[in-house]
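Visitor: below are the sequence and a predicted model; questions follow.
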Amino acid sequence: MDNDQEELDQDNMGEADGGQAYQTLVDWVKTVPGAIDDIKKNGTEEDLRRYKEKVKMVVDKLKEIEKKLSG
């Protein structure tokens, strides 16, 4: 297989993987309100702070993937 075909295959695979990654992150974000409630009831302030940081990182990654998929 020549280099052009390999690049094309990698681009197509990247788009599919990007879409799957995006959906996985969207599904995870849907669980956030329940998780935050649980942490407030059973966790510490530090647990809540760390979880919120993770949520922010995921949202930022969602925006990055969305930008790549739409571009």
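Guide: Yep, that arrived.

Visitor: residue ranges with poor pLDDT in the protein?
Guide: Under the criterion pLDDT under 70, the flagged ranges of the chain are 1-16.

Visitor: hey, where'd the helices end up in it?
Guide: According to DSSP state H, the chain carries its helices in the segments 3-29, 32-42, 45-70.

Visitor: how about these in CSV, adding mean neighbour count?
Guide: (Each C-beta comes from the backbone N, C-alpha and C, glycine too.) As requested, the helices of the chain are arranged in CSV below (neighbours: other C-beta atoms under 10 Å):
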stretch, mean neighbour count
helix 3-29, 11
helix 32-42, 12
helix 45-70, 12
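
Visitor: can you tell me the centre-most residue of this structure?
Guide: Leu25 (3.5 Å; C-alpha atoms, centre = their mean).

Visitor: and that one, how far from Val55?
Guide: According to C-beta to C-beta, to the nearest Å, Leu25 stands 11 Å off from Val55.

Visitor: same deal with Asp27?
Guide: Look at Asp27 and Val55: by C-beta to C-beta, they are 14 Å apart.

Visitor: what of Ala35?
Guide: For Ala35, the distance to Val55 - C-beta to C-beta - is 9 Å.

Visitor: shared neighbours, the two?
Guide: With C-beta atoms under 8 Å, 6 or more residues apart in numbering applied, the contact sets of Ala35 and Val55 do not overlap.

Visitor: residue contacts, the residue nearest to the centre of the chain?
Guide: Neighbouring residues of Leu25 by C-beta under 8 Å, 6+ apart: 58, 61-62, 65.

Visitor: please apply the same query to Glu66.
Guide: Per C-beta under 8 Å, 6+ apart, neighbours of Glu66: Tyr22.

Visitor: does Asp47 really touch Lys40, like I thought?
Guide: No - proximity of Asp47 to Lys40 does not meet the contact threshold set by C-beta atoms under 8 Å, at 9.2 Å.
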